[in-house]
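K.L.:
got a predicted structure here, sequence first:
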Amino acid sequence: GMQMLIARRLVERGVRFVQINHGGWDHHNNLEAGIRDRCGQLDGPVAALLTDLKQRGLLNDTLVIWGGEFGRTVTRDRNGNTGNAGRDHNGKAACCWMAGGGVKGGIVHGATDELGAEAAEDKVHVHDLHATILALLGFDHTKLTFGYNGRDFRLTDNFGNVVKEVIA
């Protein structure tokens with residue numbers, strides 16, 4: 001909660017980028033207790049942050065993104081500990097949510113297969129996510145480059161399409 005309050009105060013004072021890191025989501029074992037604990041710590045504070053931003057007229061101009069670097073498998077972890085099972089890393093399906101900052105509210109974009117193992121509908125590559133975030137921040141990802149080793153590179157590599165369906 002304190003991190004959310006500090007983030008809101010920073011945004012109120014004009015800070016353009018704020019990152020909150022709440023580690024410990026790598027539940028390779030003891031999944032049920034671990035998820036309950038983490039969600040219990042964050043559900044209220046995150047809701048309060050969004051409410052505070054909206055009440056202060058800051059949510060429309062503040063992009064909030066919640067995500068990780070990969071998804072989780074739908075089956076138990078390979079550790080074989082069936083009594084204390086967790087879930088393994090999954091590079092084929094992941095999710096994140098976004099609020100404010102020009103994002104269309106109340107929608108879900110994309111879906112997994114019937115098992116939740118792989119992205120199946122309206123797939124979004126990480127380059128697409130980055131292109132969309134940059135568009136929401138007012139940048140054209142095709143023109144935003146950086147020089148390296150005598151060549152210009154795009155942050156979205158030579159790929160990335162803005163997911164227009166999530167933009168209000």
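P.N.:
All right, it came through fine.
K.L.:
what ranges in the protein fall below the confidence cut-off?
P.N.:
Along the chain, the model assigns pLDDT under 70 to residues 78-83.
K.L.:
spatially central residue for it, please.
P.N.:
G67 (2.6 Å; C-alpha atoms, centre = their mean).
K.L.:
spatially nearest residue to that one (excluding sequence neighbours)?
P.N.:
Spatial nearest neighbour of G67, chain neighbours left out: C96 (2.9 Å); criterion: C-beta to C-beta, 6 or more residues apart in numbering. Any C-beta I mention is one placed from the backbone N, CA and C, and that applies to glycine too.
K.L.:
swap in N84?
P.N.:
In space, N84 is closest to N29, 4.9 Å off (C-beta to C-beta, 6+ apart).
K.L.:
contacts for the strand or helix carrying P45, please.
P.N.:
Here P45, judged by DSSP states H and E, is contained in helix 31-55. Applying C-beta atoms under 8 Å, 6 or more residues apart in numbering, the contact partners of helix 31-55 are 1, 3-5, 7-8, 11, 22, 24-25, 27, 59, 62, 64, 66, 85-87, 99-100.
K.L.:
return a ChimeraX selection command for the buried portion of those.
P.N.:
Buried residues among those (16 or more other C-beta atoms under 10 Å), as a ChimeraX selection:
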select :4,7,8,11,27,59,62,64,85,86,87,99,100
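K.L.:
so which of the contacts of helix 31-55 are in strands?
P.N.:
The members of the contacts of helix 31-55 that map onto strands under DSSP state E are 64, 66, 87, 99.
K.L.:
next, work out how far apart L115 and T73 are.
P.N.:
Remark: distance between L115 and T73 (C-beta to C-beta, to the nearest Å) = 10 Å.
K.L.:
more neighbours: those two, which one.
P.N.:
Neighbour count, other C-beta atoms under 10 Å: between L115 and T73, T73 has more, with 18 against 11.
K.L.:
show me what contacts the nearest residue to D122 once chain neighbours are set aside?
P.N.:
Nearest residue to D122, sequence neighbours excluded (C-beta to C-beta, 6+ apart): G110, at 4.2 Å. By C-beta under 8 Å, 6+ apart, G110 lies in contact with 119, 121-124.
K.L.:
mind putting those into JSON lines with neighbour count?
P.N.:
Formatted as JSON lines, the contacts of G110 follow (neighbours: other C-beta atoms under 10 Å):
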{"residue": "A119", "neighbour count": "18"}
{"residue": "E121", "neighbour count": "9"}
{"residue": "D122", "neighbour count": "12"}
{"residue": "K123", "neighbour count": "14"}
{"residue": "V124", "neighbour count": "19"}
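K.L.:
residue contacts, L129?
P.N.:
96, 163 are the contacts of L129 under C-beta under 8 Å, 6+ apart.
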